[in-house]
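Enquirer: can you look at this prediction? I've put the sequence above it.
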Amino acid sequence: MVGAPLPEDTHAVALTVPDEAALRALSDRLAFEGIEHRLICEPDLNGQATALGVCPQPREKRLRRLLSRFPLLR
């Protein structure tokens, strides 16, 4: 899916989750909070959720609070 260009100050951060259930739970929580995101599911893996992309958000969206328990991928 192609959209508008990202703002120049957009940051990419990779975090880890323990399993697919945690990834799906995070997606549900983001949806509940009204935070725009996309859950990526792999058709070759029977629809398993493998990633989640969060659209650029204003700081007041409390995104950091929702993601702070997930460690940075190193």
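Expert: Now that the structure is in, tell me what you want to look at.
Enquirer: so what's Ala49 up against?
Expert: Glu20, Leu23, Arg24, Ser27, Leu39, Ile40, Cys41 (CB atoms under 8 Å, 6 or more residues apart in numbering). Using the backbone N, CA and C atoms, a C-beta is placed for each residue, glycine as well.
Enquirer: what's the longest helix in this protein?
Expert: Ordering each helix of the chain by length in residues (DSSP state H) puts helix 20-32 first.
Enquirer: and it, what does it pack onto?
Expert: Secondary structure elements in contact with helix 20-32, counted by 3 or more CB pairs under 8 Å, 6 or more residues apart in numbering; DSSP states H and E, are strand 37-42, strand 48-54, helix 63-67.
Enquirer: residues in contact with stretch 14-34?
Expert: 37, 39, 48-52, 54, 61-62, 66-67, 70-73.
Enquirer: mind giving me the ChimeraX select for these, buried ones only?
Expert: Selecting only the buried entries of the contacts of stretch 14-34 in ChimeraX, with 16 or more other CB atoms under 10 Å as the criterion:
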select :37,39,49,52,54,61,66,67,70
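Enquirer: from Ala49, how far off is Ala4?
Expert: Using CB to CB, to the nearest Å, one obtains 25 Å as the distance from Ala4 to Ala49.
Enquirer: relative to strand 37-42, how tilted is the longest helix of the chain?
Expert: Computed by axes from the mean of the first three to the mean of the last three CA atoms, to 10 degrees, the angle separating helix 20-32 from strand 37-42 equals 150 degrees.
Enquirer: only C-alpha atoms, please: export helix 20-32 in CSV.
Expert: C-alpha atoms of helix 20-32 as CSV (Å, rounded to 0.1, in the frame of the first residue of the first chain):
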residue,chain,number,x,y,z
GLU,A,20,2.1,-13.8,18.3
ALA,A,21,-0.5,-13.5,21.0
ALA,A,22,1.3,-10.5,22.5
LEU,A,23,1.5,-8.9,19.0
ARG,A,24,-2.2,-9.4,18.4
ALA,A,25,-3.0,-8.1,21.9
LEU,A,26,-0.9,-5.0,21.2
SER,A,27,-2.8,-4.5,18.0
ASP,A,28,-6.1,-4.8,19.9
ARG,A,29,-4.9,-2.2,22.5
LEU,A,30,-3.8,0.2,19.9
ALA,A,31,-7.1,-0.1,18.1
PHE,A,32,-8.9,0.5,21.4
